[in-house]
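>>> Here you go, sequence then predicted model.
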Amino acid sequence: MERKSVVSRREALRGGVVVALVVVGCRGNRTLPTCTDTTGLPPDQVKLRETLAYADRAPDPAKTCDHCAQFEPGPSADACGGCKLMKGPICPGGTCKVFTPRA
């Protein structure tokens, strides 16, 4: 007589949790730096950042600074970079009103 393999509810849940953890771990979420320190910038540059509505976190992942033609990368992918249009630290995951996609 052939015996059917039956998976208990506990085993199925345990397996589901393991799969979920692997999927979340493989998504490649990176830790982004905080790049809002404007100490040392002249008031006109601080005002420009405000006028351009610079934000450290972009609501649209397709419009982040690291996808912008004006972005100048930092020393590593998880470091603040710069911008050709405004002074101060720029987060790779940030955004502003003058986002221009790389060609």
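Received it, and whenever you're ready, just let me know what you need.

>>> In this structure, what residue spans correspond to helices?
9-26, 43-51 (DSSP state H).

>>> and the ones you listed, which one is worst for confidence?
Of all these, the minimum mean pLDDT falls on helix 9-26 (a mean of 52).

>>> ok, L41 - contacts?
By Cβ atoms under 8 Å, 6 or more residues apart in numbering, the contact set of L41 is 49, 87-88. All C-beta spots, glycine's among them, are computed from the backbone N, C-alpha and C.

>>> what about 6 Å?
87-88 (Cβ atoms under 6 Å, 6 or more residues apart in numbering).

>>> Next one: it from C65, what distance?
Going from L41 to C65 by Cβ to Cβ, to the nearest Å gives 17 Å.

>>> didn't L85 look like it was pressed against Q70?
Yes - under the criterion of Cβ atoms under 6 Å, L85 makes contact with Q70 at 5.2 Å.

>>> Setting aside sequence neighbours, what's the nearest residue to the residue nearest the centre of the chain?
Per Cα atoms, centre = their mean, the C-alpha nearest to the average position across the chain is that of G93, at 4.0 Å. Leaving out its chain neighbours, the residue that sits closest to G93 by Cβ to Cβ, 6 or more residues apart in numbering is L32, at 4.2 Å.

>>> what's the answer for L48, then?
Closest to L48 by Cβ to Cβ, 6+ apart is M86, at 5.1 Å.
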